[in-house]
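**Student:** Here is a sequence with its predicted model. Questions after.
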Amino acid sequence: MTDPIADMLNRIKNAQIVFHKTIDVPFSNFKYELGKILEREGFINKIEKKGKGAKKILKIDLKYEKDALNNDINERPAISGVRKISKPGQRIYSDSRKLKTFKKGSGIIIVSTSKGLMTDKEARIHKLGGEIICEIW
């Protein structure tokens with residue numbers, strides 16, 4: 001696997017398509033911090049570290065929202081789309097002035113800065129640029 005972050009995002013997206021409640025993802029600190037941002041922004045319910053040593057995993061509790069258009073019990077995934085921006089073969093960087101709002105504020109851009117992972121809004125507030133990891137809406 002050449003891109004573990006893209007793998008994590010695809011696992012979340014694919015699991016939500018078939019309405020899984022939870023998924024397991026191999027552990028890394030970067031993926032854990034990314035999951036904490038998704039939890040804080042309301043895209044997933046909860047993320048937890050499980051296991052010890054080489055058998056560590058992240059258990060992600062997926063979030064679904066009631067469909068406002070239909071009165072029945074239809075649900076739709078909280079994450080409707082994901083796009084990986086920076087890839088192993090081509091890193092994309094931006095400074096804080098060039099970070100724009102995404103999907104009219106309903107989506108977020110994850111940025112890896114010198115102060116850690118943060119959303120585009122937090123990066124603009126702290127006037128920090130960095131590597132643009134992905135867009136989530």
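**Tutor:** Nice, I can see it.
**Student:** OK, contacts around the residue nearest in space to the middle of the chain?
**Tutor:** By CA atoms, centre = their mean, the chain has its centre lying nearest to Leu38, at 4.9 Å. Counting by CB atoms under 8 Å, 6 or more residues apart in numbering, Leu38 makes contact with 12, 44, 47, 79, 136. For the C-beta atoms, the positions are set from N, CA and C on the backbone; glycine is no exception.
**Student:** So which of the residues you listed are in helices?
**Tutor:** Under the assignment DSSP state H, the contacts of Leu38 contribute Ile12 to helices.
**Student:** Show me which of the contacts of Leu38 is closest to Asp61.
**Tutor:** Closest to Asp61 out of those is Ile44 (6.5 Å), distances taken as CB to CB.
**Student:** Got the confidence number for the nearest residue to the closest one once chain neighbours are set aside?
**Tutor:** Spatially, and ignoring its direct neighbours in sequence, Ile44 is nearest to Leu38 (4.8 Å; CB to CB, 6 or more residues apart in numbering). Leu38 carries a pLDDT score of 97 in this model.
**Student:** The closest residue to Glu48 other than its chain neighbours: which element?
**Tutor:** Residue nearest to Glu48 in three dimensions, not counting chain neighbours: Lys59, with 4.8 Å by CB to CB, 6+ apart. For Lys59, the host element (DSSP states H and E) is strand 57-62.
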